[in-house]
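[1] after the sequence you'll find the predicted model.
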Amino acid sequence: MPGKVNFAKMNGLGNKILVVDMRGRTDRVTPAAAIALASASETHFDQIMAIHDPRAAGTDAFIDILNNDGTGSGACGNGTRCVVQALAAETGRRSFTFQTAAGILQAVEHEDGMISVDMGAPVFDWQRIPLSEAFHDTSRIELQIGPIDAPLLHSPSALSMGNPHAVFFVDRDPMTFDLARIGPMLEHHPLFPEKANITLAQVTGPAAMTTRTWERGAGLTLACGSAACAAAVSGARTGRTGRNVTITVASSPNRQALTIDWRETDGHVIMTGAAEWEWDGQLDPQTGQWARTITGAAAS
Ligand SMILES: N[C@@H](CCC[C@H](N)C(=O)O)C(=O)O
């Protein structure tokens, strides 16, 4: 299906997102196009959020999520907030229901511009995270790196937030760890048959945490929303925090924060935070060829 589509370069706390409008088409952004877009500095991204026509009754859109290595994901919290901001600006609506490979998500833009996404309920069953070995209790699984008697990182909480996560609790600022070296080893560890997003989380109070994430399929990113959800849930699950937590994302510009509420009533995780538009363009979803949209005085 030839022809270019509109896209917006956006970010969620620095997490680089391309929101691509694939509505009215039956093709998808190809992995080759994603890799080509990721290789150019201006369009370099962590995730593509491709908006497709709805595929299920009661939903507004199907969102196809691609990492910058061309692989797919079932969840992207920061990207979902970007999609909400883009669609709210286009339609004037404030609430949306999306379908992703992992299920149905509800999201709302508030009066102050903050966006909340219901990321659904976390999954703790080892087969569904998935892990390659049986663990009765996935809140502290047997995995460590570093010297056997003084491990650098150990006993992460494992869970799925629509995508697989391992959260290692640490006792110092996550920025002081060499995550660029450690991250790939853990992402590809044989315990994670579908790989995993790797988060370091420092608890700084009963309702506060600082995180940094090595993302599956994207590497070291400035922020990861589903990882913030995974860290908050893991904090509460292991008795380190309550269920309502402010997550300072250590690597994000100005150490911005997300608030995460692991709701008592239905066990869903509600993530709230900002999204930011940067610029618009057009791209070819087959090849990744792209150009900026020229606006204002420059266009005349
Ligand atoms: N940045 C995202 C997570 C994106 C998906 C992840 N890399 C995966 O493959 O699971 C977020 O904000 O949640």
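    That came through, no problem. Numbers count the residues shown, from 1 in each chain.

[2] strands of the stretch 201-300 of the chain, start to end?
    Ranges of strands in the stretch 201-300 of the chain, per DSSP state E, counting those that start in this stretch, are 208-215, 219-220, 244-249, 257-262, 269-273, 276-283, 290-292.

[3] turn these into CSV, columns for mean pLDDT, mean neighbour count and distance to the ligand.
    The C-beta positions use only the backbone N, C-alpha and C, and glycine is treated the same way. Converted to CSV, the strands of the stretch 201-300 of the chain look like this (pLDDT from 0 to 100; neighbours: other CB atoms under 10 Å; distance: least, CB to the nearest ligand atom, whole Å):
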stretch, mean pLDDT, mean neighbour count, distance to the ligand
strand 208-215, 98, 26, 4
strand 219-220, 98, 16, 9
strand 244-249, 98, 23, 10
strand 257-262, 98, 23, 9
strand 269-273, 98, 22, 9
strand 276-283, 98, 16, 14
strand 290-292, 97, 14, 21
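
[4] what's around T59, how many residues?
    18 (other CB atoms under 10 Å).

[5] tell me which residues touch it, please.
    Contacts of T59 were listed using CB atoms under 8 Å, 6 or more residues apart in numbering, and they are 97-99, 104.

[6] that one: what secondary structure?
    Assigned with DSSP: H, G, I helix; E, B strand; the rest coil, T59 falls in the coil class.

[7] how much space between it and R28?
    Separation of T59 from R28 (CB to CB, to the nearest Å): 17 Å.

[8] I figured A274 hits G12, correct?
    Yes. Using CB atoms under 8 Å, A274 is in contact with G12, at 7.1 Å.

[9] which of the two has more neighbours?
    Per other CB under 10 Å, whichever of A274 and G12 has more neighbours is G12, with 33 against 18.

[10] which ones are touching the more buried one?
    Contacts of G12 (CB under 8 Å, 6+ apart): 77-79, 81-82, 223, 225, 273-276.

[11] which pair in these spans the largest distance?
    G77 and E276 (14.6 Å; CB to CB).

[12] show me where pLDDT drops low in the stretch 1-150 of the chain?
    Within the stretch 1-150 of the chain, the stretches with pLDDT under 70 are 1.

[13] report the angle between the helix ranked longest in the chain and strand 276-283.
    When secondary structure is assigned using DSSP state H, the longest helix within the chain turns out to be helix 77-91. Helix 77-91 runs at 80 degrees relative to strand 276-283, counting by axes from the mean of the first three to the mean of the last three CA atoms, to 10 degrees.

[14] number the residues from 50 up from this point.
    That works, and once the first residue is 50, the last one we named lands at helix 126-140.

[15] right, and the helix or strand after helix 126-140?
    For helix 126-140, the succeeding helix or strand toward the C-terminus, using DSSP states H and E, is strand 144-149.

[16] closest to the ligand out of the contacts of T108?
    Nearest to the ligand, judged by CB to the nearest ligand atom, of those is F147 at 13.5 Å.

[17] correct me, but that closest one touches V157?
    No. Contact criterion CB under 8 Å: F147 and V157 do not qualify, at 11.8 Å.

[18] so for these two, which residue has more residues nearby?
    Neighbours were tallied for F147 and for V157 using other CB under 10 Å; the higher tally belongs to F147 (23 against 17).

[19] that older thread, shared neighbours, A323 and G61?
    The contact lists of A323 and G61 share R130, where a contact means CB under 8 Å, 6+ apart.

[20] ramachandran coordinates for the residue nearest the centre of the chain?
    Closest to where the C-alpha atoms of the chain average out (CA atoms, centre = their mean) is C125, at 3.1 Å. Main-chain torsions, C125, degrees, to the nearest 10: phi -160, psi 100.

[21] now do the contacts for it.
    66, 96, 98, 114, 212, 274-275.

[22] for the residue nearest to V252 when sequence neighbours are not counted, report the pLDDT, please.
    Nearest residue to V252 in three dimensions, chain neighbours excluded: R289, at 4.8 Å (CB to CB, 6 or more residues apart in numbering). R289 carries a pLDDT value of 98.

[23] I figured R289 hits Q251, correct?
    No. If you go by CB under 8 Å, R289 and Q251 don't touch, sitting 10.3 Å apart.

[24] where do the contact lists of the two overlap?
    F218.

[25] higher neighbour count, the two?
    For R289 versus Q251, the count of surrounding residues by other CB under 10 Å is larger for Q251: 20 against 16.

[26] contacts only, for the closest residue to the more buried one other than its chain neighbours.
    Computed as CB to CB, 6+ apart, the closest residue to Q251 that is not its neighbour in sequence is T259, at 4.7 Å. When contacts are counted by CB under 8 Å, 6+ apart, T259 touches 222-223, 250-251, 253, 296-299, 304.
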